[in-house]
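In: build me a structure from this.
(one chain, ligands or ions: 1)
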Amino acid sequence: MIDETTGALPVEGVPAARVLDEIRGLRAADRPTHGGRLFAYVYDPGVAGLDELAQAAYAESAHVNGLDPTAFPSLLAMENALVGAAARLLGGGPGTSAPDVVGSVTSGGTESLILAVKAARDARPDLAEPRIVVPVSGHAAFAKAAHYLRVALDPVPVDPVTLRPAVADVAAAIRPETVLVVASAPSYAHGVIDPVAEIAAVAAAAGVRCHVDACFGGWTLPWLRRLGAPVPPFDFAVPGVTSISVDLHKYAYAPKGVSVLLHRDPGLRAPQFFAYADWPGYTMVNPVIASTRSGGPIAAAYATLRHLGEDGYLRLAAVTRDAVAGLADAVRAVDGLRLLAEPESTVVCFTADDPGLDLFVLVDELTARGWHTQPQLAYAGLPASVHLTVTAAVAPRVAEFGPALAEAAAAARAAGPVVLPPELLALAGSLTPEALTPDLIAGLAAGLGLGAGPAPDRMAAVNTLLQAAPVRLRERLLVEFVGLLQRPAW
Ligand SMILES: Cc1ncc(COP(=O)(O)O)c(C=O)c1O
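Out: Numbering: from 1, shown residues only. Sure thing, here's the model as predicted:
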């Protein structure tokens, strides 16, 4: 039975204005995408009029299909312009040491990384069991790529103090079957830049490709450097770097759905493509994973870049840099909190040294005060932490954040750490993923307040339970919990 008030396919169509009102009603429960109080998921420059421009550009090209660049040359022109801009910003193009850079526009960082791995894998058809070397601080999308593409993942630990991999460990992880070595500029979790030049050198010495994941930082580090920050070499200026990814839907402030994957030359890119003519339909060639692709995100990104321009991005980077400094000071001012890394990009990441101050409770207290931060679970000797992705829109809020953080920390101390029933903790610590039964999952979810409805306001208990579980069990619990959310609405 369709719910006639909310069902997606009512028996009788609903007038346009009401549909939009309904969507706005649904959106009211979302985290605020604007206003500088959200430190993950959304990248907001706080520039008046930019949303309207991007939306208008999106609408112009929403129905254009990237499936066939000859049918829609507008899209090809905009894609080539985006790739050219990204390449130029990242040390490639005419007059540089990487004059033959080419690239593709993808739907996001994950797609760019999957394709970087695919290109590396398919360049070595001689290898039965290709492998990639990825520091554990590398984005989880590399593990996803390895999983999807049946490539083995060789993780490299990071130093608990510098949060970077040792170059010797990277070198030692490279084997004859290695097709790709990865470095991050910077890592998402902690915002630290890997020793790209050294990693690229050991990869090159072994004759292996080196991908720099600059999905997060590729559109900020160049501006921060121009502003005088000591940004180490990380782009095509570094010999041995064979590909770079940069997400335009992050710090280029384009709406979601646009990333760029660059290769140093067309030969490196060629195995990324997929062409198929062995069927009776249209001849198909796909540079990226999707076949039909909306022109909307690409046009919106093109409009955003052209409107903001270099001067705009430089201004936004300066504002963001100052906001990062202000937020880091706010963390330093709270007893018991400690920056996990000195900020060197646009991330502020902190941990708690005081056992009476539970970070997951602190995150909930901040949420209750309208500040949305991202908890990160303890992992492989690294403590639990709180991640703040800092965007330009945060700048006007920095002065309010300090008192809010201090207040939230006091409230978290007063509330005390989460205490889960010992038998639950013991279960989380000892259960194997295979031993999870539907009943056990339903019981766990109910006990934690998770179910078909929206997630509970307070997530500290969920995070504490996940943290108590070994990694493979964490993954299984996440799958099961999200499976509970994704149920058809009739
Ligand atoms: C360094 C890095 N790589 C890759 C990704 C994945 O990007 P996306 O979420 O657009 O797929 C992210 C996302 O935060 C990231 O920070």
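
In: who's in contact with residue 91?
Out: Applying C-beta atoms under 8 Å, 6 or more residues apart in numbering to residue 91 gives the contacts 97, 98, 235, 236, 237, 238. All C-beta spots, glycine's among them, are computed from the backbone N, C-alpha and C.

In: and the gap between the first one and the ligand?
Out: Computed as C-beta to the nearest ligand atom, to the nearest Å, the residue 97 to the ligand distance reads 24 Å.

In: burial count for that residue?
Out: Close neighbours of residue 97, defined as other C-beta atoms under 10 Å, add up to 11.

In: please name the residues that touch it.
Out: Counted by C-beta under 8 Å, 6+ apart, residue 97 has contacts 91, 236, 237, 239.

In: ok, the third one next?
Out: Listed by C-beta under 8 Å, 6+ apart, the contact set of residue 235 reads 90, 91, 92, 185, 212, 214, 218, 222, 241, 244.

In: equivalent analysis for the last one, please.
Out: Counting by C-beta under 8 Å, 6+ apart, residue 238 makes contact with 91, 196, 197, 200, 212.

In: give the ChimeraX command for selecting the buried subset of these.
Out: A single ChimeraX command selects the buried members of the contacts of residue 238 (16 or more other C-beta atoms under 10 Å):
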select :91,196,197,200,212
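
In: select from the contacts of residue 238 every entry located in strands.
Out: Counting by DSSP state E, the contacts of residue 238 place residue 212 in strands.

In: let me know the closest of the contacts of residue 238 to residue 308.
Out: residue 91 (20.6 Å; C-beta to C-beta).

In: for the helix or strand harbouring residue 365, which positions count as buried?
Out: Using DSSP states H and E, residue 365 maps to helix 359-368. Buried residues in helix 359-368, defined by neighbour count with 16+ other C-beta under 10 Å: 359, 360, 361, 362, 363, 364, 365, 366, 367.

In: OK, contacts around the fourth one?
Out: Going by C-beta under 8 Å, 6+ apart, residue 362 touches 352, 386, 408, 409, 412.

In: now with 10 Å?
Out: 334, 336-337, 350, 352, 373, 375, 386, 405, 408-413, 415, 460 (C-beta atoms under 10 Å, 6 or more residues apart in numbering).

In: what's the closest non-adjacent residue to residue 253?
Out: Closest residue to residue 253 apart from its sequence neighbours, by C-beta to C-beta, 6 or more residues apart in numbering: residue 45 at 4.4 Å.

In: so who does the one you found touch?
Out: 34, 51, 251-253, 304, 308, 312-313, 315-316, 319-320, 391-393.

In: just to check, residue 47 is in contact with residue 308?
Out: Yes. The pair residue 47 / residue 308 is scored as a contact, 7.1 Å apart, by C-beta atoms under 10 Å.

In: and the residue in the stretch 251-400 of the chain positioned nearest to the ligand, how far from residue 109?
Out: Relative to the ligand, the nearest point of the stretch 251-400 of the chain is residue 259 (6.0 Å; C-beta to the nearest ligand atom). Separation of residue 259 from residue 109 (C-beta to C-beta, to the nearest Å): 5 Å.

In: shared neighbours, these two?
Out: In contact with both residue 259 and residue 109: 215, 218, 245, 246, 247, 249, 250, using C-beta under 10 Å, 6+ apart.

In: Three-state assignment for the fourth one, please.
Out: Per DSSP: H, G, I helix; E, B strand; the rest coil, the local secondary structure of residue 246 is strand.

In: count the residues that sit near it.
Out: 33.

In: quick one, what contacts it?
Out: Counted by C-beta under 10 Å, 6+ apart, residue 246 has contacts 82, 85-87, 89-90, 103, 109, 112, 185, 212-222, 235, 252, 259-262.

In: got it, and residue 181?
Out: Contacts of residue 181 (C-beta under 10 Å, 6+ apart): 120, 132-135, 154, 156, 170-171, 173-174, 199-200, 202-204, 206, 208-211, 240, 242.

In: what's the helix or strand for it?
Out: Assigned by DSSP H and E, residue 181 falls in strand 178-184.

In: all good on my end, thank you.
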